[in-house]
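Chemist: How does the following fold in three dimensions:
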Amino acid sequence: MKETTLQIFEHAGFFAILISLFVNIVISIIGILPSVFITAANLAFFGFYHGLIVSIIGEGIGAVISFVLYRKGLKIWRLKDFQHPVMLKLKHLEGSKAFWIILCLRILPFIPSGAITLGSAFSKVSISLFAIASTLGKIPSLIMEAGAVFGFMQVNLKWKIIILVAFVLILMWIGRVRRKEIANRST
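Modeler: Residues are numbered from 1 along each chain as shown. Alright, predicted model coming up:
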């Protein structure tokens, strides 16, 4: 995926920035796809610092566009149908409390961006407050992601394979533990 994106960037020249921003926006709208591949392509093509800046701008714009689209989508659905306790708490969230919650959730790299954006769209938070909190929270998260991606790009192929296999095994182990916990709760 990263290699394909790099080839597209090379052929696009100056328009590579616009393509990167567009891809980040699409990833944000979809809400469940990881942005690590476009971050890796940005770092490889633009260099660490410029790639990081392009990624921050792209994810910031993507989050705001997603927020607007999600909020419009939620208005189409009847919000009375959402009776989950977490959603009911979010419905009344606004102001400085919303700012700090969005900021803190964005800093954590393992919380899906789409979930944060959807929850924010469900709340009473303004678009400007969301844009500032979301983008500020994305900066440390993207710095961590960029550092990890850049470090991974420096490792030779043998170690990349070992790291990926170890990561997959850890994910499988976590999945097994969770399934056992769910099975134990239901009995």
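
Chemist: C-alpha only now, for contacts and for neighbours.
Modeler: OK.

Chemist: residue closest to the middle of this structure?
Modeler: The C-alpha lying nearest the average C-alpha coordinate of the chain belongs to residue 113 (CA atoms, centre = their mean; 3.8 Å).

Chemist: Name the nearest residue to that one, sequence neighbours excluded.
Modeler: In this structure, residue 113 finds its nearest non-sequential neighbour in residue 31, 6.3 Å apart by CA to CA, 6 or more residues apart in numbering.

Chemist: and that neighbour, how many residues sit next to it?
Modeler: Residue 31 has 20 neighbouring residues, counting by other CA atoms under 10 Å.

Chemist: so it touches residue 111, yeah?
Modeler: No - Residue 31 lies out of contact with residue 111 (CA atoms under 8 Å); the separation is 11.1 Å.

Chemist: Toward the C-terminus, what is the element adjacent to the worst-scoring helix or strand of the chain on mean pLDDT?
Modeler: Ranking every helix and strand in the chain by mean pLDDT, DSSP states H and E puts helix 85-91 at the bottom, with a mean of 65. Per DSSP states H and E, the first helix or strand lying C-terminal to helix 85-91 is helix 95-107.

Chemist: Identify all contacting residues around that next one.
Modeler: If you take CA atoms under 8 Å, 6 or more residues apart in numbering as the criterion, helix 95-107 is touched by 111, 113, 116, 120, 125, 129-130, 133-134, 136-141.

Chemist: go again using 7 Å as the cut-off
Modeler: Contact partners of helix 95-107, identified using CA atoms under 7 Å, 6 or more residues apart in numbering, comprise 111, 125, 129, 130, 133, 134, 136, 137, 138, 140, 141.

Chemist: Now stretch 145-163: buried residues?
Modeler: Residues of stretch 145-163 classed as buried: 145, 146, 147, 149, 150 (neighbour count, 16 or more other CA atoms under 10 Å).

Chemist: Now render those as a markdown table, adding distance to residue 70, secondary structure and pLDDT.
Modeler: Putting those into a markdown table (distance: CA to CA, whole Å; DSSP: H, G, I helix; E, B strand; the rest coil; pLDDT from 0 to 100) gives the following:
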| residue | distance to residue 70 | secondary structure | pLDDT |
| --- | --- | --- | --- |
| 145 | 25 | helix | 83 |
| 146 | 27 | helix | 86 |
| 147 | 30 | helix | 84 |
| 149 | 29 | helix | 82 |
| 150 | 32 | helix | 82 |
